[in-house]
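Novice: Predicted model, plus sequence, below.
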Amino acid sequence: MAGTALVVGASGIVGSATAALLVEQGWTVHGLARRPVEQAGVLPVAADLQDAAATAAALADVRPDAVFITTWLRQDSEAENIRVNSAMVRNLLDGLPRATGPRHVALVTGLKHYLGPFEAYGKGSLPQTPFREDQGRLDVENFYYAQEDEVFAAAARDGFTWSVHRPHTVIGKAVGNAMNMGTTLAVYATLCRETGRPFTFPGSAAQWNGLTDMTDARQLARQLLWAATTPAAANEAFNIVNGDVFRWSWMWGRIAEWFGIEAVPFDGVLRPLEQQMAGDAPLWRQIAEREGLAEPDLNRLASPWHTDADLGRPIEVVTDMSKSRRLGFTAYQPTDDAFFALFDELRADRLIP
């Protein structure tokens, strides 16, 4: 049943996909961002969640049935990540009108719940894979835990139900996003095709040979909507991936084929994209000007550091989806098709040639 939604971070990869699905399903959708962009059917709300008073003012006339929190701000340390991002969630939930507050709040976090934050990513004592929701928090400070605690406290105070959603690496389109593997790989492949440089896997042998999974932003949006409208899903945390598993030794060739280039056999040597692409900004600007692309700033399209973090992990990472499947969420998305759909969209929107 459609209602009124507030999508927080509506211009991001997850937020834009969620807003689009809600509009398609007949919801009235308010899209909150610091600098809202035009989105079909979405009512823009401009707010900086770090400013409590301004957030409350911006939300004064918004009466959402469901709130979808899909945003965060990266800081220089995990202590700052915790301080800033917990305050953003708190300011948001405190700023919503109490008398007509939401019935459900969904928070998107991720597999760093199991793998640890950036400063301790993939280190120390980690739970066994595949990751399951009943595996507890790590004994380490983590801004995901701080965000959850803000949602739990507000739910206890205001009486709404909640859900937490933990995707693996998200595939989707958003310019200026800090965690954007799909577009990063598209830009990297384009640069390799342009220069004749080898299309070299930048990550670890564990990632090249091991099993992994990913999350299409549209798949995540489907689960967010399902949880907000399914009573049995109330007050639960859910993993969310596409439903298939693959090895990068297979996927790398699939991506290369789409771009009409040859994948170089992996030789076991780490070659991070952050190093490979360090001097490519001027070249990308030249390509953009020649091809009439919409975004000439390489830094607004590619996030090599984040792609390196995922592809450089020394451990195999796969995610269990049994919990939500048992409750009725059965959507499925082949990951290679997710990449190809993104590449088609990037080309149609003149973000890659």
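Specialist: Sure thing, it's come through.

Novice: Kindly format the C-alpha coordinates of the helix or strand hosting Thr184 as PDB.
Specialist: With elements delineated by DSSP states H and E, Thr184 resides in helix 181-195, which encompasses its position. Output for helix 181-195, consisting of C-alpha atoms alone and laid out as PDB, is shown next (Å, rounded to 0.1, in the frame of the first residue of the first chain):
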ATOM      1  CA  MET A 181      32.600   0.600  -7.800                       C
ATOM      2  CA  GLY A 182      30.500   0.200 -10.900                       C
ATOM      3  CA  THR A 183      31.100   3.600 -12.300                       C
ATOM      4  CA  THR A 184      34.800   3.500 -11.100                       C
ATOM      5  CA  LEU A 185      35.300   0.300 -13.100                       C
ATOM      6  CA  ALA A 186      33.500   1.800 -16.100                       C
ATOM      7  CA  VAL A 187      35.800   4.800 -16.100                       C
ATOM      8  CA  TYR A 188      38.900   2.600 -15.600                       C
ATOM      9  CA  ALA A 189      37.900   0.400 -18.600                       C
ATOM     10  CA  THR A 190      37.300   3.500 -20.700                       C
ATOM     11  CA  LEU A 191      40.700   4.800 -19.900                       C
ATOM     12  CA  CYS A 192      42.300   1.500 -20.700                       C
ATOM     13  CA  ARG A 193      40.500   1.400 -24.000                       C
ATOM     14  CA  GLU A 194      41.600   5.000 -24.800                       C
ATOM     15  CA  THR A 195      45.300   4.500 -23.900                       C
END
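
Novice: for that helix, packing partners?
Specialist: In terms of contact count using 3 or more Cβ pairs under 8 Å, 6 or more residues apart in numbering; DSSP states H and E, helix 181-195 is assigned the packing partners strand 170-171, helix 248-258, helix 273-276, helix 281-291, helix 304-311, helix 335-348. Placement of C-beta: from N, CA and C, glycine included.

Novice: Name the SS class of the residue lying farthest from the centre of the chain, please.
Specialist: Centroid-distance maximum for the chain: Ala99 at 31.5 Å, with Cα atoms, centre = their mean. Under DSSP: H, G, I helix; E, B strand; the rest coil, the three-state class of Ala99 is coil.

Novice: coming back round to it: so how far is the helix holding Thr184 off the chain centroid?
Specialist: Centroid displacement of helix 181-195 relative to its chain, using Cα atoms, centre = their mean, to the nearest Å, is 19 Å.

Novice: Repeat that for stretch 100-118.
Specialist: Going by Cα atoms, centre = their mean, where stretch 100-118 is centred and where its chain is centred differ by 11 Å.

Novice: So which elements touch the longest helix seen in the chain?
Specialist: Among the segments of the chain that qualify as a helix by DSSP state H, the longest is helix 78-95. Counting contacts by 3+ Cβ pairs under 8 Å, 6+ apart, the secondary-structure elements packed against helix 78-95 are helix 52-58, strand 66-69, helix 143-158.

Novice: Highest mean neighbour count out of the ones you listed?
Specialist: Mean neighbour count, computed with mean count of other Cβ atoms under 10 Å, is highest for strand 66-69 among those, reaching a mean of 28.

Novice: Now tell me what touches that one from outside.
Specialist: Contacting residues not belonging to strand 66-69 are listed as 3-9, 15, 18, 89, 92-93, 96, 102-108, 147, 151, 224, 228 [Cβ atoms under 8 Å, 6 or more residues apart in numbering].

Novice: Helices - which of the residues you listed land there?
Specialist: Helix and strand membership here follows DSSP H; of the contacts of strand 66-69, those in helices are 15, 18, 89, 92-93, 147, 151, 224, 228.

Novice: Just give me the closest of those residues to Ala217.
Specialist: The closest of these to Ala217 turns out to be Thr18 (Cβ to Cβ; 7.9 Å).

Novice: Can you give me the pLDDT of that closest one?
Specialist: Per-residue confidence (pLDDT) for Thr18: 98.

Novice: Could you report the distance from it to Leu111?
Specialist: Taken as Cβ to Cβ, to the nearest Å, the spacing of Thr18 relative to Leu111 amounts to 19 Å.

Novice: higher neighbour count, these two?
Specialist: Each of Thr18 and Leu111 had its neighbours counted (other Cβ atoms under 10 Å), and the higher figure belongs to Thr18 (30 against 20).

Novice: what about that one, distance to His306?
Specialist: For Thr18, the distance to His306 equals 20 Å [Cβ to Cβ].

Novice: average pLDDT across stretch 159-175?
Specialist: If you average the per-residue pLDDT over stretch 159-175, you get 93.

Novice: and it, how far apart are its ends?
Specialist: One end of stretch 159-175 to the other measures 36 Å (Cα to Cα, to the nearest Å).

Novice: What residues of that stretch count as buried?
Specialist: Taking 16 or more other Cβ atoms under 10 Å as the neighbour-count basis, stretch 159-175 is seen to contain the buried residues 160-175.
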